[in-house]
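Chemist: Have a look at this prediction, sequence included:
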Amino acid sequence: MSTDRSLAEALADHIAASGDLRSPEWRRAVLDVPRHEFLRDGFFRRTDEGHVTGWEPVLPDDPTWLPACYANASLVTQIAGGIVPRDIEGRIFRQPTSSSTMPGLVVRMLEELGVEDGMRVLEIGSGTGYSTGLLSHRLGDELVTSVEVDPAVSGRARAALGRIGHHPRMVIGDGLQGHREGAPYDRLIATCGVLRIPVAWLEQVKPGGRILATVGGWLYASELACLTVHEDGTAAGRLLGGEVSFMLARPHTPPPLGVLPDFAREGTERECTVPGDALTDWTARFVAQLAVPGAQRFSLMDGDGDMDVLLDVHGESWAGLRNEKGRWIVREGGPEPLWRRIEDALLRWGRDGAPALGSFTVGVSAEGGQTVSWPSSAG
């Protein structure tokens, strides 16, 4: 047995043991679709220096490359919107912009998608093409369409798929607009995060069809949402839980912070009702971003210590939080009291028993309005 085949079997066994791989069809796909072929251009390995995150290239001539290709881990494949591993030597200190998703998560999503023979699937975000290859293996090339906004990323995915004998429809374009030419689809799956489900997706999926996408926000807590499209053009479903994170679709990324207010002196100050470290909890942070969807979060360091900051660039509201000898103090400015809104949402969620994200429901109107709610203790 070849090394890569034995590695693929070990990967399949690992994903099955976790409960994410449940069906023989997807197991065959994991065994037959070689992940390393989608990583021939290498990947970036994370290296931390103090508080700074860097990335160094790992290429196929590195002995760690092949085993890493079959680890159940996400692998960064592009930095800063266009830099790939073969472009650099040493380290780079910029943000990742494309990756090969953790295989266990890919398989979990494909299992949750609930495809059956003969179904047409639209994939949003081709990435390396690995998930496209799994779909093509399961359904056949002619039933799979994959949309990718980055021409270079799409080209590499197409080449990798060709190397293993798959030729699905690969489209370069804005995945948030779907691909009307191939509609209607039975299933739609997105491998990028979105702030809200686009209307175009609802319009291109058949009534009774399913949409699986990661819904999140600028506080970077996100979850898989599984929605069913209805005859009236709406969609409804639930979050699946599990703290799933994808890079946001580029049009949904947050705006630049711009000129910052004087967080230490402007606004008004008070003691917090909810401590500032509440947002270290994933679910609490998800609830918070429902309350302040336009807010971004970052830290500032000055002579008085660290400050946790929330800033809504468009709304011009902000909140700065400090821990002073065990007491959390917030200073808020602008037209909307951001931390007050977060406190109100978190206290209401707590009164309802702090339900887990897997119990949250999602509804999308035909016009694109989106609601996310949790079960209330009041019924």
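Modeler: That came through, no problem.
Chemist: so where's this protein uncertain?
Modeler: For the chain, the stretches with pLDDT under 70 are 1, 302-305, 378-379.
Chemist: Can you show me the helices along it?
Modeler: 3-18, 24-32, 65-69, 103-113, 130-139, 151-163, 199-204, 282-291, 338-351 (DSSP state H).
Chemist: ranking those helices by burial, who's on top?
Modeler: Among the helices of the chain, helix 130-139 has the highest mean neighbour count (mean count of other CB atoms under 10 Å), at a mean of 25. Every residue, glycine included, has its C-beta placed from N, CA and C.
Chemist: so what secondary structure elements neighbour it?
Modeler: Packing partners of helix 130-139 (3 or more CB pairs under 8 Å, 6 or more residues apart in numbering; DSSP states H and E): helix 24-32, helix 103-113, strand 121-124, strand 144-148, helix 151-163.
Chemist: Can I get these in JSON lines including distance to Asn72?
Modeler: Below are the helices and strands packed on helix 130-139 laid out as JSON lines (distance: least, CB to CB, whole Å):
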{"stretch": "helix 24-32", "distance to Asn72": "11"}
{"stretch": "helix 103-113", "distance to Asn72": "5"}
{"stretch": "strand 121-124", "distance to Asn72": "21"}
{"stretch": "strand 144-148", "distance to Asn72": "23"}
{"stretch": "helix 151-163", "distance to Asn72": "20"}
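Chemist: quick revisit: tell me which of the helices of the chain sits nearest to Ile189.
Modeler: Set against Ile189 and scored by CB to CB, the helices of the chain come closest in helix 103-113, at 5.4 Å.
Chemist: Which one of the helices of the chain lies nearest to Pro261?
Modeler: helix 338-351 (12.1 Å).
Chemist: Now find how far off-centre the closest one is within its chain.
Modeler: Chain-centre distance of helix 338-351: 25 Å, with CA atoms, centre = their mean, to the nearest Å.
Chemist: What number of neighbouring residues does the closest residue to Arg163 other than its chain neighbours come out with?
Modeler: Sequence neighbours aside, Glu37 is the residue nearest to Arg163 in space, at 5.4 Å (criterion: CB to CB, 6 or more residues apart in numbering). Neighbour count of Glu37, defined by other CB atoms under 10 Å: 19.
Chemist: How about the residue most central in space within the chain: what's its closest non-neighbour residue?
Modeler: Nearest to the mean C-alpha position of the chain, counting by CA atoms, centre = their mean, stands Phe246 at 1.8 Å. Spatially, and ignoring its direct neighbours in sequence, Phe246 is nearest to Gly193 (4.2 Å; CB to CB, 6+ apart).
Chemist: Go ahead and confirm that neighbour touches Leu248.
Modeler: Yes - between Gly193 and Leu248 there is a contact under CB atoms under 8 Å: 4.5 Å.
Chemist: shared neighbours, those two?
Modeler: Common contacts of Gly193 and Leu248 (CB atoms under 8 Å, 6 or more residues apart in numbering): Gly216.
Chemist: returning to what we had before: hey, what's the residue nearest to Phe246 bridged with?
Modeler: Thr214, Leu248 (DSSP bridges).
Chemist: Quick check, the residue nearest to Arg163 in contact with Ala160.
Modeler: Yes - because the distance of 5.3 Å satisfies CB under 8 Å, Glu37 is recorded as touching Ala160.
Chemist: circling back: who wins for proximity to Val364 among the helices and strands packed on helix 130-139?
Modeler: strand 121-124 (15.3 Å).
Chemist: how many other residues sit next to Gly82?
Modeler: If you count neighbours by other CB under 10 Å, Gly82 ends up with 12.
Chemist: Please name the nearest non-neighbouring residue to Asp344.
Modeler: Ala291 (7.0 Å).
Chemist: oh, I was asking about Ile342
Modeler: Ala288 (4.5 Å).
Chemist: returning to what we had before: who's more crowded, Gly193 and Leu248?
Modeler: Gly193 (22 against 19).
Chemist: As PDB, could you dump the C-alpha coordinates of stretch 77-87?
Modeler: Output of stretch 77-87 as PDB, limited to C-alpha atoms (Å, rounded to 0.1, in the frame of the first residue of the first chain):
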ATOM      1  CA  THR A  77      -2.400  28.300   1.300                       C
ATOM      2  CA  GLN A  78      -2.400  32.000   0.600                       C
ATOM      3  CA  ILE A  79      -1.300  35.100   2.500                       C
ATOM      4  CA  ALA A  80      -2.300  38.800   1.900                       C
ATOM      5  CA  GLY A  81      -4.600  38.100  -1.000                       C
ATOM      6  CA  GLY A  82      -2.100  36.600  -3.400                       C
ATOM      7  CA  ILE A  83       1.200  35.300  -1.800                       C
ATOM      8  CA  VAL A  84       1.600  31.500  -2.000                       C
ATOM      9  CA  PRO A  85       4.300  29.400  -0.400                       C
ATOM     10  CA  ARG A  86       6.600  29.300  -3.400                       C
ATOM     11  CA  ASP A  87       6.700  33.100  -3.500                       C
END
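Chemist: Please point out which parts of that stretch sit buried.
Modeler: Across stretch 77-87, burial judged by 16 or more other CB atoms under 10 Å covers Thr77, Gln78, Ile79, Ile83, Val84, Pro85.
Chemist: quick one: the fifth one from Met247, how far?
Modeler: This means Val84. Separation of Val84 from Met247 (CB to CB, to the nearest Å) stands at 16 Å.
Chemist: Was I right to think Ala356 contacts Gly241?
Modeler: Yes - between Ala356 and Gly241 a contact is recorded at 6.1 Å, counting by CB under 8 Å.
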